[in-house]
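Have a look at this fold, sequence not included:
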Ligand SMILES: O=C(O)c1cc(=O)[nH]c(=O)n1[C@@H]1O[C@H](COP(=O)(O)O)[C@@H](O)[C@H]1O
């Protein structure tokens, strides 16, 4: 999905919500265990209940890889089921020497090899240019680079001062020389809303993937106040706050109700900014 198509979806759905499919087999409702692939059944019902309210789905690879072959089958089935008008993001946080990154890219972008071709992947920048560029070789695919994460440990490295800049500022500056805002997004945690004004100095046009509202306590209002651009420029993710809103038979309706609350807040923010 191109940047202009993504912006079009945001305007038509009046939403910049990304729903995180961090689907933990131990947390899904017990009645789903009767299905051959309970995790896919869960994801399918979540997607059916929410696809008009969000513009993206983000399965987190850890929850699938932890289940071995069965988990990969659930992931492939989920990728296949994500509607084509939603940006599919694999949250894998990969990155290694070029030769290895080439293979990570095949795993998530090359349908002929792996059975999956997500629109975007999260990548860790630590190993530098040759670890990131293999993902950029795929036309039309997005790289979403970790910049300032929502984790408590973000202070360990990301704020370190290097000359005039912090490490996370250098990551954004340097990576923006490798690709443009048509292909490159950055992860910025919603828990870091005070940093958004600064981040926009270095990433005025890039979309930001913003996890950390809901279960991690970040404020959607502050994210929008300091991080929104004229094109919106934000994809705000919530995982547990939506998908585990109930663990009864009504889980999909409960997920929809939580997604609707976020979509309505997002609509108000888009209207306030004159984007819709
Ligand atoms: O790359 C990510 O998506 C990510 C980066 C970050 O800084 N913080 C963060 O929470 N995430 C992911 O975003 C999701 C947040 O989930 P919830 O806290 O349940 O909404 C998880 O899949 C995390 O792995």
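Everything's here; your move. The structure presented is a predicted model; accordingly, all values stated were derived computationally and were not measured.

Could you tell me which residues of this protein lie near the ligand?
Residues of the chain found near the ligand (CB under 6 Å from any ligand atom) are 20, 22, 60, 91, 122, 149-151, 187, 189, 211-212, 214-216, 237-241. (Glycine included, C-beta is placed from N, CA and C.)

Pull out the buried residues from these.
20, 22, 60, 91, 122, 149-150, 187, 189, 211-212, 214, 216, 237-239, 241 (16 or more other CB atoms under 10 Å).

Show me what the strand or helix carrying residue 19 is packed up against.
Assigned by DSSP states H and E, residue 19 falls within strand 17-21. For strand 17-21, the elements it packs on are helix 38-50, strand 56-59, strand 87-94, strand 234-238, helix 240-243, helix 251-272, judged by 3 or more CB pairs under 8 Å, 6 or more residues apart in numbering; DSSP states H and E.

what lines up beside it in the sheet?
Strand 17-21 sits in its sheet next to strand 56-59 (parallel), strand 234-238 (parallel), going by DSSP bridges.

Show the residue spans covered by the strands in the stretch 51-200 of the chain.
Along the stretch 51-200 of the chain, the stretches classed as strands by DSSP state E, counting those that start in this stretch are 56-59, 87-94, 120-123, 142-148, 161-162, 165-166, 184-188.

Those into a markdown table, with extra columns for mean pLDDT?
Below are the strands of the stretch 51-200 of the chain laid out as a markdown table (pLDDT from 0 to 100):
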| stretch | mean pLDDT |
| --- | --- |
| strand 56-59 | 98 |
| strand 87-94 | 98 |
| strand 120-123 | 98 |
| strand 142-148 | 98 |
| strand 161-162 | 96 |
| strand 165-166 | 97 |
| strand 184-188 | 98 |
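
nearest to residue 256, of the ones you listed?
strand 56-59 (14.1 Å; CB to CB).

from the chain's centre, how far out does that closest one sit?
In terms of CA atoms, centre = their mean, to the nearest Å, the centre of strand 56-59 is found 6 Å from the chain centre.

try stretch 131-141
Distance of stretch 131-141 from the chain centroid (CA atoms, centre = their mean) equals 17 Å.

neighbouring contacts of it?
Here stretch 131-141 makes contact (CB atoms under 8 Å, 6 or more residues apart in numbering) with 1-2, 94-98, 101-102, 104-105, 109-110, 118-121, 123-125, 143, 145, 175, 178-179, 183-184.

Show me just the buried residues among those residues.
The neighbour count (16+ other CB under 10 Å) marks 1, 94-96, 101-102, 104-105, 109, 118-121, 123-125, 143, 145, 175, 178-179, 183-184 as buried among those.

mind listing what's buried in the strand holding residue 19?
Of all the residues in strand 17-21, those buried under the rule 16+ other CB under 10 Å are 17-21.

do stretch 214-233 as well
Those would be 214, 216, 218, 220, 222-224, 226-229, 231-233, for stretch 214-233 by 16+ other CB under 10 Å.

now stretch 85-94
Those would be 86-94, for stretch 85-94 by 16+ other CB under 10 Å.

same question, stretch 44-61
44-47, 49-51, 53-61.

Confirm that residue 216 sits in a helix.
No - remark: residue 216 does not belong to a helix; assigned using DSSP: H, G, I helix; E, B strand; the rest coil, it is coil.

Roughly how far does it sit from residue 84?
Shown here: residue 216 relative to residue 84, a distance of 30 Å by CB to CB, to the nearest Å.

for the stretch 51-200 of the chain, what spans make up the helices?
Ranges of helices in the stretch 51-200 of the chain, per DSSP state H, counting those that start in this stretch, are 61-65, 68-81, 98-109, 111-114, 129-136, 154-157, 167-175, 196-202.
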